[in-house]
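K.L.:
any chance you can model this:
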Amino acid sequence: MVERDDGEFSKDLLFCTPTCVSAKISPNSKTIAYVGADESGIPNVFIRAPEEIETTQISFFTTPEIIQFFWAPDSSKVLLLKDEDGTGQLHLYGVDIHSKESVDYTKDLTVSAKLIQISTTQNKAAIGLNDRDPYFHDLYLLDLDSGERSLLLKNEEFAKFLVSDSLEIILKMRINEDGSWTVVTSRDDLFMQLSAEEAFQTEFLSYNEKKKTVYLLDNRFSDINQLVEKPLHSDDEKVLGSQPKSDVDDVLFIDGEPKAYASYYEQKKWHVLDRSIEKDISFLEERCGSGFEIINQSKKGDFWIVANSLPDKGSTRFVFDRKAQKLFEVSPSTPKSDLSKMYSMVVKSRDGLDLVSYYTLPKEFDKGGYVEKPLPLVVVPHGGPFKVRDKFEFASFHQWLASCGYAVLSVNFRLSSGFGKAFVNAGNGQWGGKAHLDLIDGVEECIKRGITEKGKVGIFGASYGGYASLAALTFTPDYFSCCVSICGPSNLKTVVNNVPQFWEFTTKPLSDKNMFFTKRAFLISMGGDPDNEEGRAYLEKCSPLNHLENIKVPLLLVHGKNDHIVAEAESRQIYESMKKNDKKVTYMLFPDEGHRFAKFPNKMAQIDAAERFLSEHLGGRYQGVDRKILAKSSAIISD
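P.N.:
All right, here's what the predicted structure looks like:
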């Protein structure tokens, strides 16, 4: 086992709910609301004045998980979308900041609610409810004071909407059978026709009511996503922002107009569109580095909430007083210290693609990005696989694994978003093929640099990363020493059969940004359609479940029973088949979790089992988890 000489490392700080996960300032600039752990470690809502330390808890949920939160326009309530046990059935709550009373606006409905747009001029919001038809959300106008709903649109065909600040429907988006999109105005006039390839990355950001223009991220006429302004009733559009090597990653709007945008290749970089905010961006870059995100703003724009995430410093939320050019911490960085450095590198794939990758080394062995002798390495492929990418930021899994003595590697393999549509499309039909070989090319670069060596490599992934882990064992059985697969697809045919026509969820907990997936996009990405014989044969070929005889090394499977994205059967069928053939496999099932684990004891039980498993098969350090925490987990373990 690898020993550390710098003291005990606390996994609790890495995986517990932080004191502040995300924060937002009220429209009237008087109050900060933030979601963080209460005394029991459960995420709840707290409020405080911008420059004060004293906080007040206003919500009292006894279970996770708050998915998103927003301020009501009149600054009297905080609005919450909340899941229960990972089922994906989201309810919309309003919590009064004075009385602390909570109202469920979707009470008695079997529904997954969406908060589509909050008005800036009236205390109302446009919401989507799918209680009538689970596949389509009807649009309602919700009065946040009375709780009354009035129907805006009975929806039987549209997947997405763009709604104005005054809560008028601007655009409606229909997904066609071939994966293309037809985008029409509220009067059903054609606004834009998008091919399946174009629609895949296109994102409609906002509508400017004064200028009657739509702002969108668009790749119709380029490989990368550009920031485009397009009038609602004419074709006189223009490109506002674009960079050659990466998509537009972030846009800062002030008073309805884009003032700056960010690109992201190896690291994030801001580009100013309006010189009036140059000093603000420069100040934040000087104090935070370029990786910051502006979460929200007060109505007058005098205060911004800024999120900052640095690999070896943790995540911090600030209030930025633009007039005084000062930053105030909403809460301390989490965790504060004892973190390892992350390094970026661009790996050349065997067929010539540039793979932006990141690796982390244990502090005690790190010699400025190099080591004196090879370490065991854990590859951590991201989920998605598209609409997602790895970034240069604080990563709890990197820090945890490095604390156990492992080098840790994340590769933006083909299929990853952020590097243009050609890079994403290069992965079509390459699940378990070239997309998997990209991971191996990343490992080979680490071997070349002396970071690791053959025979000391494990793989640990969740969602698509779980599939990649299973593919590693079945398609390259001699390369990896062990595998951990969390919520991993094992049979692509059954996975795609269970995928709805479309769905969306947040890019990360409490993010305002959503990932939108369509079934057609998955069919194109996987490279086979289960409705025809040739497609079925290809999906079977790429499914780890059909190649279990190749597995030679130990496997740890983890899944949530309520997973509505990748059904629990995807892991269970792997376990049952391997047990029949006397292969070494362990299965952890969590009856009260979904695709993203929310409950702290369950997260720690998963971490404890994985740490023990990796220590046994890769030789890193097993540090263990408090038995009292593990006793509260719902884990059902089958060896």
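
K.L.:
got a list of what the spatially closest residue to D255 that is not a sequence neighbour touches?
P.N.:
Leaving out its chain neighbours, the residue that sits closest to D255 by Cβ to Cβ, 6 or more residues apart in numbering is G301, at 7.0 Å. (Each C-beta comes from the backbone N, C-alpha and C, glycine too.) Contacts of G301 were listed using Cβ atoms under 8 Å, 6 or more residues apart in numbering, and they are I254, D255, R322.

K.L.:
gap between G301 and A23?
P.N.:
17 Å (Cβ to Cβ, to the nearest Å).

K.L.:
repeat for Y264
P.N.:
Using Cβ to Cβ, Y264 is found at 23 Å from A23.

K.L.:
what's near enough to touch T31?
P.N.:
I25, I47, R48, A49, P50, S75, I97.

K.L.:
distance between the ends of stretch 300-314?
P.N.:
30 Å (Cα to Cα, to the nearest Å).

K.L.:
return the distance of that stretch from the chain's centre.
P.N.:
18 Å (Cα atoms, centre = their mean, to the nearest Å).

K.L.:
again with stretch 28-44
P.N.:
The answer for stretch 28-44 is 21 Å, by Cα atoms, centre = their mean.

K.L.:
give the buried residues for that stretch.
P.N.:
Across stretch 28-44, burial judged by 16 or more other Cβ atoms under 10 Å covers S29, T31, I32, A33, Y34, V35, G36, A37, D38, I42, P43, N44.

K.L.:
in a markdown table, list these along with pLDDT, secondary structure and distance to G289.
P.N.:
A markdown table is the format used below for the buried residues of stretch 28-44 (pLDDT from 0 to 100; DSSP: H, G, I helix; E, B strand; the rest coil; distance: Cβ to Cβ, whole Å):
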| residue | pLDDT | secondary structure | distance to G289 |
| --- | --- | --- | --- |
| S29 | 93 | coil | 26 |
| T31 | 95 | coil | 28 |
| I32 | 95 | strand | 23 |
| A33 | 95 | strand | 26 |
| Y34 | 94 | strand | 22 |
| V35 | 94 | strand | 24 |
| G36 | 91 | strand | 23 |
| A37 | 90 | strand | 26 |
| D38 | 91 | coil | 31 |
| I42 | 91 | coil | 32 |
| P43 | 92 | strand | 27 |
| N44 | 95 | strand | 30 |
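
K.L.:
now the two most distant members of the residues you listed.
P.N.:
S29 and I42 (28.7 Å; Cβ to Cβ).

K.L.:
where's the dip in pLDDT among the contacts of G301?
P.N.:
Here the lowest pLDDT out of the contacts of G301 sits on D255, with 91.

K.L.:
please report phi then psi for the spatially most central residue of the chain.
P.N.:
In the chain, the residue lying closest to the centroid (Cα atoms, centre = their mean) is T507, at 2.9 Å. Main-chain torsions, T507, degrees, to the nearest 10: phi -60, psi -30.

K.L.:
likewise for L401?
P.N.:
Here is the backbone geometry of L401 (degrees, to the nearest 10): phi -70, psi -40.

K.L.:
repeat for N308
P.N.:
Taking degrees, to the nearest 10, you get phi -140, psi 130 for the backbone angles of N308.

K.L.:
picking that back up, hmm, which of the contacts of G301 are the buried ones?
P.N.:
I254, R322.

K.L.:
among the contacts of G301, which lie within strands?
P.N.:
Counted as lying in strands by DSSP state E, out of those, are I254.

K.L.:
as CSV, the contacts of G301 with distance to A407 would be great.
P.N.:
Below are these laid out as CSV (distance: Cβ to Cβ, whole Å):
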residue, distance to A407
I254, 42
D255, 47
R322, 42
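
K.L.:
go through the contacts of G301 and name the one nearest D390.
P.N.:
The nearest one, if we look at the contacts of G301 relative to D390 and count by Cβ to Cβ, is I254, at 29.7 Å.

K.L.:
contact partners for that closest one?
P.N.:
Contacts of I254 (Cβ under 8 Å, 6+ apart): D274, I277, Q297, G301.

K.L.:
most neighbours among these, please name it.
P.N.:
Comparing those on neighbour count, Q297 comes out first with 21 neighbours (neighbours: other Cβ atoms under 10 Å).

K.L.:
okay, strands next: where are they in the stretch 1-150 of the chain?
P.N.:
Ranges of strands in the stretch 1-150 of the chain, per DSSP state E, counting those that start in this stretch, are 22-25, 32-37, 43-48, 56-57, 66-71, 77-82, 91-96, 102-104, 114-118, 124-133, 136-143, 149-153.
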